[in-house]
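Undergrad: Make a model of this:
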Amino acid sequence: MHLNIERTTVNASSICDVIGTLQNILAHSRVIIPDLETPYSLFPNIDHSAIGRGDKSISDIITERQQQLDVVVQEISGLESVMDRMKNLHQQLLKKKDEIIQSMNLHRGLLSALWRLPPEILSLIFVRCLPETEHLLPSPMLAPVLLTRICRRWREVAIGMSSLWCGALIVDNSHKEWQRAASCYNTWFERSRDLPLSLVLKCFKNYTTHLRSLLEPRMSKISSLHIIIFLNPFDANLLLNDLLVLQELTITTSDPLWCTPSFAQSISRLPSTLRRLRVAGPSAFNFDRITSCNPVWAHLTHVEIAICQPNLILQLLQLGPNLSSLEIGLGFYDEVPLAFEPFMHANLQFFRVSNASPMRMGNLFPDLFNALTLPNLRILEARYIRPWPHEEFKTFLARSSCPLESLIFGTGVTTTDEQRGEYIVLVPFLDVVVDHRRSGYFGYRRLR
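TA: This next block holds a predicted model:
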């Protein structure tokens, strides 16, 4: 065991000898304070005018004090130099201690069964190590990248697990940082091999060309895409082409004019594999926007959007015969004549509706329930619908004869115990929930 101190090799026994000698010296060392009293310092109120400018005795005292000061300054300097050397030696010993502990822990770890686990077990553990979010921002401090830095075997197992690299959060960095970020994303995607990709794009800049260039070789692998738009205007059309296996699309934006005609056309051209469409933002779909996105509705099983009229619920159900889940936020009221034609949808199981304009559209819900028949409905949730159309809703339940399991009244819906009891008579074993903590408005999400 050796330490290098100023190009001198010092072994452990020499260090112990030095420490012992220093301890012995320090135990017998003390600083002797000289007698600094003089006839002049004893009488502070002496008449200074009686002392001559060339008084030899005072000059001798000053000369002696200067010599004493020079000696003590030299002693302090020498001691500080020794202390610096000792501090250096101390730091080296601490470093050596840490390295010994690290080596000891490493070899102790080699005795652990963890290092002898087969790749199949390690793979299950690695999946549990992933952050809770499905979409990961590549970081050396988080799994899965962190798992590649532990040891060679872990790196081989982690890189060989395509499923660890299927989800990613992509942020459109500044132009200067994009090349480095793109290289990182490319490595990430290569490790996913042929598995479908689930991506979130956070768009702070209008760098759709850069994003398209990055995603171009993988467009045919993207099965889930969430575009979060933080700027206005933003042209996302380039990001919606050639998505051959897309199953889920979410668009979150603060721009009320995001759905331009060209954007709606891009949505209408999405593949028949698309099953889930979510749109969150301050803009509600009107009749023209819904029509412009057709025929995408025909393939969907889940839709979450904001619309401007209750009767558009019927239009969506007509355009989407395969819908099993519909979450509707009623937004800005569109002053046009409303028509509620009777309609039955055989597949809808989950229906959630929230009314952002209860004072203007609350009186339209009786007509909606009178027109609608949902024979397969299992869960219905309502918020901000007032007055609650009790009689029309009872008629709807009786007409639908649905296997309703849960009826949830959130904030803004007022019902009595007697009314809720009548629903249970119509649908035995129905679970009626009144939960005013459910106060959010569907179709709107905070950008984050």
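
Undergrad: Grab the longest helix from the chain for me.
TA: helix 56-110 (DSSP state H).

Undergrad: which helices and strands does the helix or strand that L122 is a member of pack with?
TA: Per DSSP states H and E, L122 falls inside helix 119-129. If contacts are counted by 3 or more CB pairs under 8 Å, 6 or more residues apart in numbering; DSSP states H and E, helix 119-129 sits against helix 152-160. C-beta: built from backbone N, CA, C; applies to glycine.

Undergrad: who touches the helix holding L122?
TA: 117, 143-144, 146-147, 154, 157-158, 160-161, 163-164 (CB atoms under 8 Å, 6 or more residues apart in numbering).

Undergrad: neighbour-wise, which of those leads?
TA: When neighbours are counted by other CB atoms under 10 Å, L164 leads the contacts of helix 119-129 with 25 neighbours.

Undergrad: What separation is there between that residue and R212?
TA: 25 Å (CB to CB, to the nearest Å).

Undergrad: Can you list phi and psi of L330 for me?
TA: With angles defined as degrees, to the nearest 10, L330 sits at phi -90, psi 120.

Undergrad: Which neighbouring elements make contact with the longest helix of the chain?
TA: strand 2-5, helix 12-27.

Undergrad: Turn the ones you listed into CSV, columns for mean neighbour count, distance to R378 and mean pLDDT.
TA: Below are these laid out as CSV (neighbours: other CB atoms under 10 Å; distance: least, CB to CB, whole Å; pLDDT from 0 to 100):
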stretch, mean neighbour count, distance to R378, mean pLDDT
strand 2-5, 12, 74, 39
helix 12-27, 11, 76, 74
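
Undergrad: In TSV, list these along with distance to R65.
TA: Shown next, in TSV, are these (distance: least, CB to CB, whole Å):
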stretch	distance to R65
strand 2-5	38
helix 12-27	28
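
Undergrad: Strands along the stretch 151-300 of the chain, start to end?
TA: Using DSSP state E, counting those that start in this stretch, the strands of the stretch 151-300 of the chain run over 167-171, 197-203, 222-229, 248-253, 276-280.

Undergrad: Can I get the longest one as CSV, trimmed to CA atoms?
TA: What that stands for is strand 222-229. These are the backbone C-alpha positions of strand 222-229, laid out as CSV (Å, rounded to 0.1, in the frame of the first residue of the first chain):
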residue,chain,number,x,y,z
ILE,A,222,-45.6,5.0,-34.1
SER,A,223,-48.7,3.5,-32.5
SER,A,224,-49.3,6.3,-30.0
LEU,A,225,-48.6,10.0,-30.5
HIS,A,226,-49.3,12.9,-28.1
ILE,A,227,-48.5,16.4,-29.5
ILE,A,228,-48.4,19.2,-26.9
ILE,A,229,-48.4,22.6,-28.5
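
Undergrad: contacts for it?
TA: With CB under 8 Å, 6+ apart, strand 222-229 has contacts from 135, 196-203, 215, 236, 239, 243, 245-255, 258, 273, 447.

Undergrad: which of these are buried?
TA: The neighbour count (16 or more other CB atoms under 10 Å) marks 135, 196-203, 215, 236, 239, 243, 246-255, 258 as buried among the contacts of strand 222-229.

Undergrad: Next up, the contacts around the residue most central in space within the chain.
TA: Nearest to the mean C-alpha position of the chain, by CA atoms, centre = their mean, lies T133 at 7.1 Å. Counting by CB under 8 Å, 6+ apart, T133 makes contact with L169.

Undergrad: likewise L240?
TA: 249, 263, 266-267, 269-270.

Undergrad: Which PyMOL command selects the buried ones in the residues you listed?
TA: A single PyMOL command selects the buried members of those (16+ other CB under 10 Å):
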select buried, resi 249+263+266+267+270
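
Undergrad: quick one: low-confidence ranges for the stretch 251-400 of the chain?
TA: 256-259, 332-338, 357-362 (pLDDT under 70).

Undergrad: which residues in it form helices?
TA: 261-268, 287-292, 311-319, 358-361, 365-371, 390-400 (DSSP state H, counting those that start in this stretch).

Undergrad: Present these as TSV; the columns should include distance to G412.
TA: Below are the helices of the stretch 251-400 of the chain laid out as TSV (distance: least, CB to CB, whole Å):
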stretch	distance to G412
helix 261-268	31
helix 287-292	25
helix 311-319	18
helix 358-361	6
helix 365-371	12
helix 390-400	15
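
Undergrad: Out of those, the one nearest S325 is which?
TA: Judged by CB to CB, the one of the helices of the stretch 251-400 of the chain that comes nearest to S325 is helix 311-319, at 11.8 Å.

Undergrad: Contacts for that closest one, please.
TA: 285-287, 290, 294-295, 297-298, 303, 307, 323, 326, 328, 338-341, 343, 345, 348, 353, 364, 367-368, 371-372.

Undergrad: I am assuming V145 contacts P138, so please confirm or correct that.
TA: Yes: applying CB atoms under 8 Å, one finds V145 in contact with P138, separated by 6.0 Å.

Undergrad: To V82, which of the helices of the stretch 251-400 of the chain lies closest?
TA: From the helices of the stretch 251-400 of the chain, taking CB to CB, the stretch that ends up closest is helix 261-268, at 75.7 Å.

Undergrad: contacts for the closest one?
TA: Applying CB under 8 Å, 6+ apart, the set of residues contacting helix 261-268 is 236-237, 240-241, 249, 277, 289, 292-296.

Undergrad: how does it look with 6 Å?
TA: 237, 240, 292-293, 296 (CB atoms under 6 Å, 6 or more residues apart in numbering).

Undergrad: So which of the residues you listed is the closest to L404?
TA: Among the contacts of helix 261-268, V296 lies closest to L404 (CB to CB), at 28.8 Å.

Undergrad: Indicate which one of the helices and strands packed on helix 56-110 is closest to W178.
TA: With CB to CB as the measure, strand 2-5 is the member of those nearest W178 (45.2 Å).

Undergrad: My guess is N370 contacts F393. True?
TA: No: assessed by CB atoms under 6 Å, N370 is found out of contact with F393, at 9.8 Å.

Undergrad: ok, the two, which is more surrounded?
TA: Neighbours were counted for N370 and for F393 using other CB under 10 Å; F393 has more, 24 against 17.

Undergrad: Quick check: which of the helices of the stretch 251-400 of the chain is nearest to L26?
TA: Of the helices of the stretch 251-400 of the chain, nearest to L26 by CB to CB is helix 261-268, at 80.7 Å.

Undergrad: Keeping just the C-alphas, turn that closest one into PDB.
TA: What follows is helix 261-268, C-alpha atoms only, in PDB (Å, rounded to 0.1, in the frame of the first residue of the first chain):
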ATOM      1  CA  PRO A 261     -58.800  23.200 -42.400                       C
ATOM      2  CA  SER A 262     -55.500  21.700 -43.400                       C
ATOM      3  CA  PHE A 263     -55.100  20.200 -39.900                       C
ATOM      4  CA  ALA A 264     -58.500  18.700 -40.100                       C
ATOM      5  CA  GLN A 265     -57.700  17.200 -43.400                       C
ATOM      6  CA  SER A 266     -54.600  15.600 -41.900                       C
ATOM      7  CA  ILE A 267     -56.700  14.100 -39.200                       C
ATOM      8  CA  SER A 268     -59.200  12.800 -41.800                       C
END
